[in-house]
Structure formats: structure tokens, C-alpha cells
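A.B. asks: take this sequence and fold it.
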Amino acid sequence: MSTVTTIYMTPDCAEQMRAELKELLYVKRPDTVRRVADAAAEGDRSENAEYIYGKRHLRKIDSRIHFLTKRIESAEIVDPVTQGKTAAGRVLFGATVTIEDEEGDEKIYYIVGVDEYNGSIGLVSWKSPVGEALMRKEVGDVATVKTPSGTREFEILGIEYKPIKGVEIISRV
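C.D. replies: Numbers count the residues shown, from 1 in each chain. Predicted coordinates:
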């Protein structure tokens, strides 16, 4: 029996995944199928680089379509604004958290899904070490994060629940 893990994502992430799936299904896949068919019509397929490359690319597209379809089907889409109404002042999925690190620097982290993370702009997965350390904390709490370079502490200065937009999901095709 397999365990189903809930896949949380923001509405923006779900929208981007649906758009990518539509692009793959209705534009990229039909175009690739046409190119493979044209290459196949040229004769010997065993030495036809265009045909071989096209088939390989088609497998990648099909794999990505399968991944996105399963991901979207099993996703629980969480609107940060709605989440904020039940958060009771705690950090939950979708929170925008302002922290102060040990050096006294303020940083902002957005708690997002595993498909949305981008540490360079403060998007941290709720399953990441930083995300897990922040979850369920309140303003004034100190979160302790164990990293390969040692233990770090953050004081939580603020928690907001607002739309998280502009996250670009990286396509793997």
C-alpha cells in the first residue's frame, strides 16, 4: 500500500503548472510528433539523428506531462489569504515571515510548496529545514535551524498572509 503525500501549492503555482501542461499537450507535443513523423518518412530510422532526437524529446515531454498531471491531481491548493484567517498568528503554509538572523539582518521568507522554492528570492519549501523550523512559530519566537554548516537561529519579527505571486516554476523540458 502506497502512502499518498499531500502536495501543497499556492494558487499561482497551480496556475503555472496548468499553463505548462496545456502548452505541452496542445503545442509542443503535437509539433514534436509532426517532426518525428517527418523524420521517419525520410527512410532508415536507425541512422536518422532527427528521428532519434525527436523520439527522445517526445519521451521527455510525455514524462513531464505525466508528472504535471499527477502533481495537479494530488495537489491541495492553499490560498495564503484564506490560510491567514485560520492561522491564529502562527506560521503556516503560505505565510510571509520576516525574521532577524543572528547577525541582526532582516530577511523575508515565503513558505511555499516543494515545486515553488527558490532560496535566492526567499521562497522556502515548508518541507525544507528553514521552512520546518518556522512552521507553527509566532511573532517573538526563535526558530532553530540545523544546517550542514551548523545551527542557526532566527527571531520571528512578523507574519503576514498575502498572495505570493511572480514565482516562476522551472520547466524541466
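A.B. asks: spatially central residue in this protein, please.
C.D. replies: By CA atoms, centre = their mean, the mean C-alpha position of the chain lies nearest to D115, the distance being 1.5 Å.
A.B. asks: so it, which state does it fall into?
C.D. replies: coil (DSSP: H, G, I helix; E, B strand; the rest coil).
A.B. asks: quickly note the distance from it to V145.
C.D. replies: Look at D115 and V145: by CB to CB, to the nearest Å, they are 22 Å apart. For glycine as for every other residue, the C-beta is placed from the backbone atoms N, C-alpha and C.
A.B. asks: just R152 next, same as before
C.D. replies: R152 is 5 Å from V145, by CB to CB.
A.B. asks: and what of P30?
C.D. replies: Using CB to CB, P30 is found at 46 Å from V145.
A.B. asks: helix or strand for E76, which one?
C.D. replies: Element membership for E76 (DSSP states H and E) is strand 75-77.
A.B. asks: direction included, what does that strand pair against?
C.D. replies: Each strand paired with strand 75-77, and its direction, by DSSP bridges: strand 7-9 (parallel).
A.B. asks: so which bits of whichever helix or strand comes after the strand it pairs with are buried?
C.D. replies: Next along the chain after strand 7-9, taking DSSP H and E as the criterion, comes helix 11-23. By neighbour count on 16 or more other CB atoms under 10 Å, the buried set for helix 11-23 is 11-14, 16-17, 20-21.
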